[in-house]
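Trainee: Prediction below, plus the sequence it came from.
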Amino acid sequence: MIHFRKKILLVTCFLVLLGVWIFAFNGINNRFPKQVLEEFHVGQWLDYENIQLSPVQMDVYDVGQFKDTYPNIEESYTNPSYKILVMKVKIKNNGSARIDCGKYFSRFDAVAYPIGYENGGFLLDATNRYVEPGEEKEIDTCFGMSQSLVSDKNLEAFLNSQFYMGIRAYPIKQILVFDDIVIH
Amino acid sequence: MKAIFKIEIERALKGLGMKLALLIGTGISIAHLILQVVPKAMEPLRFFDVNYQDLPRSVFNSWIGGNSNYEYQLFIRLIPILVVLPYGISFFTDMKTGIVKNYYTRMKKSQYLIAKYLSVFISGGIVVVLPLILNLLVTSAIMPSLISPGSAFFVNANGMWSGIFYSHPYIYIIMYLILNFIMAGLVGCIALCVSQLVNNRFVAMLFPFLLCEFVSAISRYSSNYVIRGMAHYRFFSISQLGYNYLESAVVVIIVLFVVGFGIFYVKGVKDDTL
């Protein structure tokens, strides 16, 4: 009889704790719900402050090919095992003042999902960083990828990932998706 | 076989060693909750900026296995001792006290040895996984379940199962807890194996700890990633501060099982006890 009562007590405690956990779990996740995903593909424009952004193309280079393609870029990637991602993005200035793209692109990250590559980048051409009011231009942004971020072993999974540029993370997750990926 | 397993697992789960191991493990887990999780839960929007790439603080980078924190490092270091506490040296004490004779006169040696191995394996797995589950449950009740690839999370593209972590984080954690359970169980069984070979209970009890520390120290010198991944502080780490590799886990599991169970079983069957 005592053994039976102990069992009933344990089951009751378990059910009470389970109920409290479910209540708390739902409560916190209702207060901070999962991000609402907004994807922007080629030809679609994302509104961000007083500018608009649209993805164009992503290129994957190794160091040699990168230097051949962009001989005037000062950034020196000396490690031959590096890969370099170049994301080309159209930017439209809807404001009334000239903007510096560097200010915006320093906030955005390149991501390979779901493998989990994430890195900040820089504008490839420092002389092409200003956009006049009403002007639309294409900007190349560059993201390095060392072995410590993605090793050769994981390269295939990396290249099969979805590539995007993260613009906002929460509560609305806005991303520029690069469907057109050129591996050089 | 069923009857002896029931007796052995009951001895393992209800013993003082199990209570002590769980007390230490849950103590560390609760300390982490109080020192790390509760302060973050009080202000989950700290560092969050709506215009940038930050998320509010999340369960996946706040729970004990979600980042690098002192409590988790301590817990991982103590695992080789915790897993032995519940039942790791029970074979040694069974032999010394003569209880084993009662078993051997009533059943086949192999049945007793397998039941003993399974009991040590399960008790070792429980003492590692239960404190982590407790911490995860409490953290998930007070922190939101948000995830997105970014610097706020420790698992990067080279990490084992990173694709699962960023798409189905709870499944990743469950898979890792299963892996931790298996690893912990096998590490606990090293003590069983050693208790066949030595005549001192403390040597048997501390051998898994010394072996793990030795392998961890030696593996640093290797340039081979599979060998480097065999350090216990790496393969038990769910946040993967040093990348983990499935190959390392598979090698560790096979070696620990084949050597541990092999020596324990073969020597146990061959040795004359009665």
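Mentor: In hand now; what should we look at? This one's a predicted model, so the numbers in the text were calculated from it and none came from an experiment.

Trainee: and residue 7, what does it touch?
Mentor: Defaulting to chain A. Shown in contact with residue A:7 (CB atoms under 8 Å, 6 or more residues apart in numbering or on different chains): no residues. For the C-beta atoms, the positions are set from N, CA and C on the backbone; glycine is no exception.

Trainee: actually chain B
Mentor: Shown in contact with residue B:7 (CB under 8 Å, 6+ apart): residue B:115.

Trainee: interface residues of chain A facing chain B?
Mentor: A:20-21, A:24-25, A:28-29, A:31-32, A:34-35, A:49, A:107-109, A:111-118, A:148-151, A:153-154, A:157-158, A:166, A:168-171, A:173 (CB under 8 Å from any CB of the partner chain).

Trainee: For the chain, which segments count as helices?
Mentor: Picking chain A for this. Along chain A, the segments classed as helices by DSSP state H run A:2-31, A:63-69, A:101-105, A:155-159.

Trainee: Oops, wrong one, chain B.
Mentor: For chain B, the helices defined by DSSP H occupy B:2-14, B:16-32, B:38-42, B:70-82, B:90-97, B:99-104, B:109-142, B:162-167, B:169-195, B:201-219, B:225-228, B:232-235, B:246-270.

Trainee: PyMOL command for the buried members of the residues of chain A next to chain B?
Mentor: To isolate the buried ones among these in PyMOL, judged by 16 or more other CB atoms under 10 Å in any protein chain shown, type:
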select buried, chain A and resi 25+28+29+32+35+108+109+111+112+113+114+115+116+117+118+149+150+154+157+158+166+168+169+170+173
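
Trainee: Show the model's pLDDT score for the closest residue to residue B:22 other than its chain neighbours.
Mentor: Using CB to CB, 6 or more residues apart in numbering or on different chains and skipping the chain neighbours, the partner closest in space to residue B:22 is residue B:127 (5.9 Å). Residue B:127 carries a pLDDT value of 97.

Trainee: State the distance from residue B:127 to residue B:35.
Mentor: For residue B:127, the distance to residue B:35 (CB to CB, to the nearest Å) stands at 22 Å.

Trainee: And residue A:18, by the same measure?
Mentor: According to CB to CB, residue A:18 stands 26 Å off from residue B:35.

Trainee: Same check on residue B:15?
Mentor: 30 Å.

Trainee: Between those two, which is the more surrounded one?
Mentor: Legend: neighbour count by other CB atoms under 10 Å in any protein chain shown for residue B:15 and residue B:35, higher for residue B:15 (16 against 12).

Trainee: if we can go back for a sec, could you redo the helices of chain A as CSV and give each row mean pLDDT?
Mentor: Output for the helices of chain A, formatted as CSV (pLDDT from 0 to 100):
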stretch, mean pLDDT
helix A:2-31, 93
helix A:63-69, 86
helix A:101-105, 87
helix A:155-159, 89
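
Trainee: so which of those gets nearest residue B:63?
Mentor: The closest of the helices of chain A to residue B:63 is helix A:2-31. By CB to CB, the value is 13.1 Å.

Trainee: which residues touch residue B:126?
Mentor: B:13, B:18, B:22, B:86, B:181.

Trainee: which regions of chain A lie under the pLDDT threshold?
Mentor: A:1-2, A:74-76 (pLDDT under 70).

Trainee: residues in contact with the residue lying closest to residue A:157 once chain neighbours are set aside?
Mentor: Excluding the flanking residues, the one nearest residue A:157 by CB to CB, 6+ apart is residue A:115, at 5.3 Å. Each residue near residue A:115 by CB under 8 Å, 6+ apart is listed here: A:150, A:154, A:157-158, A:161, B:157, B:162-163, B:166.

Trainee: let's see it at 7 Å
Mentor: Each residue near residue A:115 by CB atoms under 7 Å, 6 or more residues apart in numbering or on different chains is listed here: A:154, A:157-158, A:161, B:157, B:162-163.

Trainee: May I ask you to confirm that residue B:253 is in contact with residue B:182?
Mentor: Yes. With contact defined as CB atoms under 7 Å, residue B:253 reaches residue B:182; the gap is 6.2 Å.

Trainee: which residues sit in contact with residue B:111?
Mentor: So residue B:111 contacts B:1, B:4 (CB under 7 Å, 6+ apart).

Trainee: Per-residue pLDDT of it, please?
Mentor: Looking at residue B:111, its pLDDT stands at 91.

Trainee: Can you tell me how far it is from chain A?
Mentor: 28 Å (CB to the nearest CB, to the nearest Å).

Trainee: since we're on residue B:148, how many residues are nearby?
Mentor: 25.

Trainee: contacting residues for it?
Mentor: Contacts of residue B:148 (CB under 7 Å, 6+ apart): A:35, A:169, A:173, B:55.

Trainee: Averaged pLDDT, stretch B:186-201. What do you get?
Mentor: Mean per-residue pLDDT for stretch B:186-201: 92.

Trainee: Apologies, that question was intended for stretch B:3-11.
Mentor: Stretch B:3-11 shows a mean pLDDT of 91.

Trainee: How many residues are close by residue B:211?
Mentor: Residue B:211, neighbours per other CB under 10 Å, totals 17.

Trainee: do the same with residue A:126
Mentor: By other CB under 10 Å, 11 other residues sit near residue A:126.

Trainee: hang on, the earlier thing: which one of the helices of chain A is the most hemmed in?
Mentor: helix A:101-105 (a mean of 17; mean count of other CB atoms under 10 Å in any protein chain shown).

Trainee: List the contacts of it.
Mentor: Contact with helix A:101-105 is made by A:51, A:91, A:123, A:129, A:131, A:139, A:141, as judged by CB under 7 Å, 6+ apart.

Trainee: ok, the fifth one to residue A:92 distance?
Mentor: In this view, residue A:131 and residue A:92 are 8 Å apart by CB to CB.

Trainee: more neighbours, the two?
Mentor: It is residue A:131, of residue A:131 and residue A:92, that has more neighbours when counted by other CB under 10 Å, with 20 against 16.

Trainee: you'd agree the more buried one is up against residue A:94?
Mentor: No. Using CB under 7 Å as the test, residue A:131 is too far from residue A:94 to be in contact (10.1 Å).

Trainee: Quick one: residues contacting residue B:172.
Mentor: B:161, B:164-165.

Trainee: Among those residues, which one lies nearest to chain A?
Mentor: residue B:165 (6.7 Å; CB to the nearest CB).

Trainee: where does that closest one land on pLDDT?
Mentor: For residue B:165, pLDDT reads 94.

Trainee: likewise the one 10 residues further on?
Mentor: Each residue has a pLDDT score; the one for residue B:175 is 96.

Trainee: measure the nearest residue to it once chain neighbours are set aside to residue A:81 for me?
Mentor: The shortest distance from residue B:175 to any non-neighbouring residue, by CB to CB, 6+ apart, is to residue B:161 (6.3 Å). Between residue B:161 and residue A:81 the computed distance is 24 Å (CB to CB).

Trainee: quick one, which of these two is more surrounded?
Mentor: A count of neighbours by other CB under 10 Å puts residue B:161 above the other of residue B:161 and residue A:81, at 18 against 12.
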